[in-house]
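Asker: Structural data only, the sequence is not supplied:
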């Protein structure tokens with residue numbers, strides 16, 4: 001299922017811990033659409049409620065701590 005981790009034993013956040021992806025974008029420096037993509041790919045915890053996606057500050061900070069940088073990767077030199 002998009003936006004859910006494969007491990008079902010993961011801590012479920014409380015309502016007051018939830019952030020909209022717009023708010024998460026402000027604290028992370030990533031765009032709302034990129035965060036939505038990360039949630040759909042299972043890279044970031046998120047939950048869709050109605051028409052809105054939510055995540056937590058903890059999930060965003062854990063993702064950022066992994067130092068996963070979007071964009072092209074450096075090419076390996078040919079030997």
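Answerer: Yes, it's here. Quick caveat, the model's predicted, so the values are computed rather than measured.
Asker: ranges for the helices of the protein?
Answerer: Shown for the chain, the helices assigned by DSSP state H span residues 21-28, 32-41, 57-65.
Asker: Measure how far the last one is from the centre of its chain, please.
Answerer: Remark: helix 57-65 is offset 7 Å from the chain centroid, using C-alpha atoms, centre = their mean, to the nearest Å.
Asker: My read is that residue 52 contacts residue 22, right?
Answerer: No - the pair residue 52 / residue 22 is not scored as a contact, 9.0 Å apart, by C-beta atoms under 8 Å. Bear in mind the C-beta positions are built from the backbone N, C-alpha and C, glycine included.
Asker: will you turn the helices of the chain into CSV that also has mean neighbour count, distance to residue 76 and mean pLDDT?
Answerer: Shown next, in CSV, are those (neighbours: other C-beta atoms under 10 Å; distance: least, C-beta to C-beta, whole Å; pLDDT from 0 to 100):
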stretch, mean neighbour count, distance to residue 76, mean pLDDT
helix 21-28, 18, 29, 94
helix 32-41, 17, 24, 94
helix 57-65, 15, 26, 92
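Asker: which strand in this protein runs the most residues?
Answerer: If you go by DSSP state E, the chain has its longest strand at strand 52-56.
Asker: partner strands of it, parallel or antiparallel?
Answerer: Using DSSP bridges, strand 52-56 pairs in its sheet with strand 18-20 (antiparallel), strand 47-49 (antiparallel).
Asker: quick check: mean pLDDT across the first one?
Answerer: So that's strand 18-20. For strand 18-20, the mean pLDDT works out to 94.
Asker: Could you list the residues in contact with it?
Answerer: For strand 18-20, the external contacting residues (C-beta atoms under 8 Å, 6 or more residues apart in numbering) are 27, 47, 52-57, 60.
Asker: Could you list the buried residues of that strand?
Answerer: Residues of strand 18-20 classed as buried: 18-19 (neighbour count, 16 or more other C-beta atoms under 10 Å).
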